[in-house]
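K.L.:
need a 3D model of the following:
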Amino acid sequence: ELLFPTLEDLTDMLLQGRAQLGIGYQKLQPLPAISARSLGHVRMPFVVAPSHPLAHAPAPSRYDLQQYRQITVTGRQDGEERQRFRHSNQTWWVESDQGVLTLIRRGLGWGNVPAFLLQDALRHGEVVAFEPDFVAAAPTLALELLWHTATPCGPARQWLRQALLDIAALAE
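P.N.:
Numbering: from 1, shown residues only. Below is the predicted model of the structure:
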C-alpha cells in the first residue's frame, strides 16, 4: 500500500503501525521513537503564476508576500510543522505539493514548491520563481527516510529501506 501523508500525519502513521516506512521532510521536533536517515535535500523555491503581481516585483519583501494569498502544504492536523514556511495570514492549505503547484499555476496565490516538481512548469512558463529580499536563496529542506524503532523489520522492509538509502548515497 502506497500512501501520501504529510507532516505530522506521516509521523502518526508510523507510531500507530499504519505505515512501516515513510519519506518526509526533516521534523522540527524529532521523536525518539522514530529513526531517520538522510535521503538528501530538496530546494523549495518561491513560485507564482506569470500573471500574478508578485511575478513582476524584483525582490518582494515580507510585507509584499503578506499582501497576497500563500498556498502551502499541510497535513490533516494543526501542528507546528505546517507553520514552518508560513509568511502570510491569507493562507490556503493543501494536502500535497502537486496540489499547491496546481493552484499556483492557476494564479490563485504564491508558495514554495519542491524544485523537482517545478521543472516542466518553469520550462513551459506556467510559473516563475522569485527570491524575496529576506532570503539569500530558496529554502532547502532535508528529506528523510523514517521508521518506528520498535517495529520489527522484516525482509521486505529491510530491503526497501536499504535500497532507498543506497539510491540516496549515489545521488550525493
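
K.L.:
where exactly do the strands run in the protein?
P.N.:
For the chain, the strands defined by DSSP state E cover 22-25, 34-43, 46-48, 70-73, 91-94, 110-112, 128-130, 140-148.

K.L.:
which residues touch the fourth one?
P.N.:
So that's strand 70-73. By CB atoms under 8 Å, 6 or more residues apart in numbering, the residues outside strand 70-73 that reach it are 6-7, 82, 85-88, 90-97, 99-100, 103-104, 108-112. Just so you know, the C-beta spots here come from the backbone N, C-alpha and C atoms, and that holds for glycine as well.

K.L.:
hmm, 6 Å instead?
P.N.:
6, 87, 88, 91, 92, 97, 100, 103, 104, 109, 111 (CB atoms under 6 Å, 6 or more residues apart in numbering).

K.L.:
chain center to it: distance?
P.N.:
Put simply, strand 70-73 sits 10 Å off its chain's centre (CA atoms, centre = their mean, to the nearest Å).

K.L.:
any chance of the strands of the chain in JSON lines with mean neighbour count as columns?
P.N.:
Formatted as JSON lines, the strands of the chain follow (neighbours: other CB atoms under 10 Å):
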{"stretch": "strand 22-25", "mean neighbour count": "18"}
{"stretch": "strand 34-43", "mean neighbour count": "16"}
{"stretch": "strand 46-48", "mean neighbour count": "25"}
{"stretch": "strand 70-73", "mean neighbour count": "24"}
{"stretch": "strand 91-94", "mean neighbour count": "17"}
{"stretch": "strand 110-112", "mean neighbour count": "26"}
{"stretch": "strand 128-130", "mean neighbour count": "18"}
{"stretch": "strand 140-148", "mean neighbour count": "18"}
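
K.L.:
could you export those strands as JSON lines, including distance to residue 61 and mean pLDDT?
P.N.:
Converted to JSON lines, the strands of the chain look like this (distance: least, CB to CB, whole Å; pLDDT from 0 to 100):
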{"stretch": "strand 22-25", "distance to residue 61": "26", "mean pLDDT": "90"}
{"stretch": "strand 34-43", "distance to residue 61": "21", "mean pLDDT": "93"}
{"stretch": "strand 46-48", "distance to residue 61": "12", "mean pLDDT": "97"}
{"stretch": "strand 70-73", "distance to residue 61": "14", "mean pLDDT": "93"}
{"stretch": "strand 91-94", "distance to residue 61": "18", "mean pLDDT": "92"}
{"stretch": "strand 110-112", "distance to residue 61": "13", "mean pLDDT": "96"}
{"stretch": "strand 128-130", "distance to residue 61": "12", "mean pLDDT": "96"}
{"stretch": "strand 140-148", "distance to residue 61": "21", "mean pLDDT": "92"}
